[in-house]
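J.: next come a sequence and a model predicted from it.
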2 protein chains.
Amino acid sequence: MNEKKAIVVGAGLVGTLWAILLAKRGYTVEVYERRGDIRKADIVGGRSINLAMSTRGWKALEKAGIKDKIREVAIPMPGRKMHSTSGELIFQPYSSDGQSIYSVSRAGLNLELMNIADQFDNVHFFFHHKCHGLDTRQITLSFEDEHGQVKEVSAPLIFGTDGAYSAIRSSLQRTPRFNYAQQFLDYGYKELRIPPSPEGDFAMDKNALHIWPRGRFMLIGLPNQDKSFTGTLFLPFEGAVSFENLNTDEEIMNFFEEYFPDAIPVMPELLHDFHNNPTSPLVTIRCSPWQYKNRVLLMGDASHAIVPFYGQGMNSGFEDCSLLDDLCDRYEENWDAIIPAFNNTRITDANAVADLALRNFIEMRDLVSDPQFLLRKKIEKHLEQKFPDQFLSVYSMVTFSHIPYHEALEETSAQDKLFQKILAIEDIEEKWNSTAVDHLFLDWIEQQNLVAQ
Amino acid sequence: MNEKKAIVVGAGLVGTLWAILLAKRGYTVEVYERRGDIRKADIVGGRSINLAMSTRGWKALEKAGIKDKIREVAIPMPGRKMHSTSGELIFQPYSSDGQSIYSVSRAGLNLELMNIADQFDNVHFFFHHKCHGLDTRQITLSFEDEHGQVKEVSAPLIFGTDGAYSAIRSSLQRTPRFNYAQQFLDYGYKELRIPPSPEGDFAMDKNALHIWPRGRFMLIGLPNQDKSFTGTLFLPFEGAVSFENLNTDEEIMNFFEEYFPDAIPVMPELLHDFHNNPTSPLVTIRCSPWQYKNRVLLMGDASHAIVPFYGQGMNSGFEDCSLLDDLCDRYEENWDAIIPAFNNTRITDANAVADLALRNFIEMRDLVSDPQFLLRKKIEKHLEQKFPDQFLSVYSMVTFSHIPYHEALEETSAQDKLFQKILAIEDIEEKWNSTAVDHLFLDWIEQQNLVAQ
């Protein structure tokens, strides 16, 4: 590689962060973005689920030098607050030692990242450039600007961070032996705002991720800086209780009165939002390879879009950046080594977090209100505290560690077996922190270690 | 539906057969095909694995009225003939009562189907028409003819039988909530001809599917009408023993001398074929839904391309035609009922046969030379003969019955459990048809029936 130059396609969260990390290494980076400069327009509203920043995301922000700045405006959520139909609230901490996930505004974060990128002389943004795809023979990109002018550009390195509907991935999909899958849930989501209270304060406890779990569907709420919450309803598209059967004001209100009565007073704009906000689909995208001829690499949603139920979409995209940056150190910026190494390890982890996110939907909508599940969570925390070097719940692995996602996924069934035994202890409700539990755990650990040897 | 008119895109095996069945019902059918009329050109050579016609395929040909005609030129293969590296041959029948699968020429079959279709005044072929896709708003198709002229056409019913790289499916892939996956094996295949012997006869036993199973790879051979065999080598693209390491004449000959010594004398054109025939990929394609607004329906490889290892690619496409034809009777040609009914049941079966085909690759390349596996096959035949109303092997279900593929797939693990027990009987090699086997079988059947209740 003679010239230290790269093109990044897509100025979203992952693209902008990756441009910063490349710029810090001295690369000239051209960032092409379909939309206009979000810093010059009104904040883009409406269609993105709030972001829950956790350990993997923070690490990448630290590398980019803006962890502290974002941390100041992020709202800590140390646990879930579950709302029952009768209005009861149960708080369930996410970790045994008070760790939080953090509610962050997608638009605000993107804007901060762009401002940081702009401080580098070697980063150049090209807005209003729609990518028409990659010519895989010449390895050139074609963009159409706002005047309809089409131009061809190229660079020794091209990074596709153009999201779930990536144009670059579309081009790669036509190359031989490219594996690709797009899989939609039968569920859609709709954003419903919970504005600040008439007194100008948060309408609910701001330090929690609020969940109304209802078995086949759920409502969640995440706090925003402006003291509102973004509520999101996840519901089947079709069926008895579904979006297709919620059309009239009456149908919508009856549905909320039956399932989410305590949300009605905090959602004064409910009917307006319900009628005007889109019902959006939930897609999982997987592909392989992510790279082409050691010169083109897909990152973030472009290569691994996942459903939002583990809060790992942005975190996994940011971890792509951290890991790739680490590989730059390890292989001294030899991209013929870096790109295959990333491709060979990261795809497995991306598939694992895709699976974990799909499973967590069941946990969120279904299990968080199940007494057995709540008890298991309590015992998990007991074990994390009593055996800190020997036990970490799968949730903590994913959310509060840098353990590769595929290891967390593999651990899932092992931990399920452990808790099957523990929950079968007679009177476990009273004995959740007894020596009987500890003995079962220590037996299990011993067996795990045997298997690992 | 006022007008009895349909468009079929793609004049391959499934498209032409389906055009015939529609024509028999009085529909005016326009069949658009990218290539020229194969009846006016030399037979297309080279790139398709031979077809093994079995029960599902025959049924559809019977409906089209050409079963007997094809049967006359098809070559029965009542079993597999396994070639060891030392040249030993073992014959393994496919069924307990002498049933065969049949080697059929793809081009010859397609040609016959076209001739039958042409006998209907209401079938019109349009060759040299390349489909540019479906406009999903207008439900119109756009075709480019050989003069570069583009025209738009439509009909109340549109059937996409345009193969694994379907243009219609590509258009549907851009509609909301369309699930799609293309998955390639790490294996490629290459055709290698076994011409007639110098005496003008078949160079090997013609009434068998020849297999040279070698664990991680294999060679197969199917007989042709002209007394040649089409040999096909399945081998990894990369790795120690792989296509990427077979480049020079010496490398190719060393490889054949080590693994397929008895094939060398019957392949006088080996080096020429190896260098000149392409190495082709093996893809599995799944999608859902297969239909759009009860007016557009994907069939055959366009909706479910599978790997060739169960010989069910064409058979499953033909079964699409039979089942759809049956639904036309059941719902009196009410397409608003037929199309959803087909979509709701057939996708599950297509996914099942895709899985079965992937599993059978392991069986063919790996297990057919394993003594335990051969013993299991022998016991399966014993059980099929002794308990004809109670036992049918999965292979027979798929190949010699009309049982839905998903039921055959579900039966796989149940039968695996049965044979785990049977093969654990002491001295089972001698006791393969003993009462001990029968007792285990009868216990298993009892349990199966309990589960089913």
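T.: Great, that's in hand.
J.: what about the residue of the stretch 101-250 of chain A found nearest chain B, neighbour count?
T.: With Cβ to the nearest Cβ as the measure, A:A181 is the residue of the stretch 101-250 of chain A nearest to chain B, at 3.7 Å. Bear in mind the C-beta positions are built from the backbone N, C-alpha and C, glycine included. By the criterion of other Cβ atoms under 10 Å in any protein chain shown, A:A181 has 18 neighbours.
J.: go on, A:G26?
T.: With other Cβ under 10 Å as criterion, A:G26 counts 10.
J.: my read: it touches A:E3, true?
T.: No. Between A:G26 and A:E3 there is no contact under Cβ atoms under 8 Å: 11.3 Å.
J.: state the helix or strand in which the residue in the stretch 351-453 of chain A positioned nearest to chain B lies.
T.: In the stretch 351-453 of chain A, the residue that lies nearest chain B is A:N351 (12.4 Å; Cβ to the nearest Cβ). Taking DSSP states H and E as the definition, A:N351 sits inside helix A:335-362.
J.: can you tell me the average pLDDT over that helix?
T.: Mean pLDDT, taken over the full extent of helix A:335-362, equals 96.
J.: buried stuff in that helix?
T.: A:335, A:338-339, A:341-343, A:346-347, A:349-358, A:360-361 (16 or more other Cβ atoms under 10 Å in any protein chain shown).
J.: ditto for stretch A:21-33
T.: So, applying 16+ other Cβ under 10 Å, buried residues of stretch A:21-33: A:21-23, A:27-33.
J.: helices of chain A, residue ranges please.
T.: Taking DSSP state H, the helices of chain A run over residues A:13-24, A:55-64, A:67-73, A:106-118, A:167-173, A:249-259, A:270-276, A:301-304, A:313-330, A:335-362, A:371-386, A:394-400, A:405-423, A:435-452.
J.: pull the fifth one out as CSV, backbone CA atoms only.
T.: C-alpha atoms of helix A:167-173 as CSV (Å, rounded to 0.1, in the frame of the first residue of the first chain):
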residue,chain,number,x,y,z
ALA,A,167,-25.1,-0.4,-1.9
ILE,A,168,-21.6,-1.8,-1.6
ARG,A,169,-22.9,-5.1,-0.2
SER,A,170,-25.5,-5.2,-3.1
SER,A,171,-22.6,-5.1,-5.5
LEU,A,172,-20.6,-7.8,-3.6
GLN,A,173,-23.8,-9.9,-3.6
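J.: that older thread, I'd assumed A:R286 was in contact with the residue of the stretch 351-453 of chain A closest to chain B.
T.: Yes. With contact defined as Cβ under 8 Å, A:N351 reaches A:R286; the gap is 5.8 Å.
J.: joint contacts of these two?
T.: Shared contacts of A:N351 and A:R286 (Cβ atoms under 8 Å, 6 or more residues apart in numbering or on different chains): A:H304.
J.: wait, what's in contact with A:E332?
T.: By Cβ under 8 Å, 6+ apart, A:E332 has no neighbours at all.
J.: ok now do the residue nearest the centre of chain A, which residues does it touch?
T.: Using Cα atoms, centre = their mean, the residue of chain A that lies closest to the mean C-alpha position is A:G313, 2.2 Å off. Contacts here follow Cβ under 8 Å, 6+ apart; on that basis A:G313 touches A:51, A:301, A:305-306, A:357.
J.: out of the residues you listed, who's near chain B?
T.: Checking those against chain B by Cβ under 8 Å from any Cβ of the partner chain, not one of them is in range.
J.: of those residues, closest to chain B?
T.: A:A305 (13.5 Å).
J.: quick one, what contacts that closest one?
T.: A:163-164, A:283-285, A:313.
J.: for it, phi and psi?
T.: phi -80, psi 140 (degrees, to the nearest 10).
J.: equivalent analysis for A:D37, please.
T.: phi -70, psi 110.
J.: check what pLDDT it gets.
T.: In this model, A:D37 carries a pLDDT of 90.
J.: my guess is it contacts A:F125. True?
T.: Yes. Look at A:D37 against A:F125 with Cβ under 8 Å: they come within range, at 7.1 Å.
J.: give me the common contacts of those two.
T.: A:M114.
J.: between the two, which is the more surrounded one?
T.: Comparing A:D37 with A:F125 by other Cβ under 10 Å, the one with more neighbours is A:F125, at 19 against 14.
J.: which residues of chain A lie near chain B?
T.: Residues of chain A lying near chain B by Cβ under 8 Å from any Cβ: A:173, A:176-184, A:237, A:281.
J.: reformat the residues you listed as JSON lines; add pLDDT.
T.: Shown next, in JSON lines, are those (pLDDT from 0 to 100):
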{"residue": "A:Q173", "pLDDT": "93"}
{"residue": "A:P176", "pLDDT": "90"}
{"residue": "A:R177", "pLDDT": "95"}
{"residue": "A:F178", "pLDDT": "97"}
{"residue": "A:N179", "pLDDT": "98"}
{"residue": "A:Y180", "pLDDT": "97"}
{"residue": "A:A181", "pLDDT": "97"}
{"residue": "A:Q182", "pLDDT": "96"}
{"residue": "A:Q183", "pLDDT": "97"}
{"residue": "A:F184", "pLDDT": "97"}
{"residue": "A:F237", "pLDDT": "97"}
{"residue": "A:P281", "pLDDT": "95"}
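J.: which of the residues you listed are buried?
T.: Buried subset of the residues of chain A next to chain B (neighbour count, 16+ other Cβ under 10 Å): A:173, A:177-184, A:237.
J.: and these, which of them are in strands?
T.: Mapping these onto strands (DSSP state E) picks out A:179-184.
J.: with respect to B:L271, which of these is nearest?
T.: A:N179 (32.4 Å; Cβ to Cβ).
J.: thinking that closest one is in contact with B:D186, fair?
T.: No. The pair A:N179 / B:D186 is not scored as a contact, 10.3 Å apart, by Cβ under 8 Å.
J.: adding distance to B:D438, write the residues of chain A next to chain B out as JSON lines.
T.: Formatted as JSON lines, these follow (distance: Cβ to Cβ, whole Å):
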{"residue": "A:Q173", "distance to B:D438": "53"}
{"residue": "A:P176", "distance to B:D438": "51"}
{"residue": "A:R177", "distance to B:D438": "48"}
{"residue": "A:F178", "distance to B:D438": "51"}
{"residue": "A:N179", "distance to B:D438": "46"}
{"residue": "A:Y180", "distance to B:D438": "49"}
{"residue": "A:A181", "distance to B:D438": "45"}
{"residue": "A:Q182", "distance to B:D438": "50"}
{"residue": "A:Q183", "distance to B:D438": "45"}
{"residue": "A:F184", "distance to B:D438": "49"}
{"residue": "A:F237", "distance to B:D438": "52"}
{"residue": "A:P281", "distance to B:D438": "54"}
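J.: identify the farthest-apart pair in the residues you listed.
T.: Distances among the residues of chain A next to chain B were taken as Cβ to Cβ; the most separated pair is A:P176 and A:F237, at 35.3 Å.
J.: pLDDT below threshold where in chain A?
T.: Chain A contains residues with pLDDT under 70 at A:1-2, A:41-49, A:453.
J.: okay but A:Y310 is in contact with A:A352, surely?
T.: No. Contact criterion Cβ under 8 Å: A:Y310 and A:A352 do not qualify, at 10.8 Å.
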